[in-house]
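Undergrad: Could you look at this predicted model? Sequence included:
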Amino acid sequence: MNLAIAVSQGGQALTAGLANIASADSFEERQSSVRVLIDRVLRLTHTELGRQIDREANVRASFYQFLGQDLVHSASVGPTLGVPPRYVFERGRSDRDDTVIRFALGLEAVLVTDTEADLPDNFNVIVGRGYRSFLAAPVRAGRDSFGLLVATSEKPAVFTDIDKGLLGLMASVLGIAFVQLNATHPVEKGLPPYVATPISSREEGA
């Protein structure tokens, strides 16, 4: 499918998802609508990102959410790429875990075209994970981050700056969704899945 058409159709679905969250009559209905929206974002990421370069990009899309101080795997769509997604990144457990949490607390999407040839400093966290292309965007709204949206491919250099922008846009949509959800339900420890705990980047010094 042409990227412009796919983005247009996908954008309509995401907008409808936000409307469903806003118009839901109960917290449970809002939570269910957020779950549907996450699935739509992951499927759009899986089917469309990287396809301008390689129609067989074989992209895996994953969403990690903040629960307390830790970043927990919530959902994925796409191949395992030989290594399943990490389940949890715990603050203070290791440099690798803290690096990923810093990604989620950041303000911009991160693009690595080839993990074997174009690896920035302090990116050892993504080495040996079975993929060559890496793209991640913080799921945030204002000062608060709710998690991290990630796209990976076993092939190098499949993601472009356009893909980076699209992933950032979809991450922002999820951020808005969590603001709508949390506005009707106090964020407390022990909440069920899909109720991400907002972490303030300013308070964390990110």
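TA: Structure received. The shown structure was predicted, so the numbers you read here are calculated from the model rather than taken from an experiment.
Undergrad: residues in contact with residue 90?
TA: Going by CB atoms under 8 Å, 6 or more residues apart in numbering, residue 90 touches 69-70, 97. For the C-beta atoms, the positions are set from N, CA and C on the backbone; glycine is no exception.
Undergrad: Quick check: residue 77 vs residue 98, distance?
TA: 27 Å (CB to CB, to the nearest Å).
Undergrad: now the residue most central in space within the chain, nearest residue through space, not along the chain?
TA: The chain has residue 149 as the residue nearest its centroid, 0.9 Å off, counting by CA atoms, centre = their mean. Closest residue to residue 149 apart from its sequence neighbours, by CB to CB, 6 or more residues apart in numbering: residue 171 at 4.4 Å.
Undergrad: Show me which parts of the stretch of helix or strand the one you found belongs to are buried, residue by residue.
TA: Here residue 171 sits within helix 161-182, counting by DSSP states H and E. For helix 161-182, burial by neighbour count (16 or more other CB atoms under 10 Å) applies to 163-164, 166-168, 170-182.
Undergrad: pLDDT (mean, whole number) over the following helix or strand past it?
TA: Later in the chain than helix 161-182, the nearest helix or strand by DSSP H and E is strand 199-200. The pLDDT scores in strand 199-200 average 73.
Undergrad: and if you look at stretch 135-149?
TA: 92.
Undergrad: so how far is it from its chain's centroid?
TA: When distances are taken as CA atoms, centre = their mean, to the nearest Å, stretch 135-149 is centred 7 Å away from the chain's centroid.
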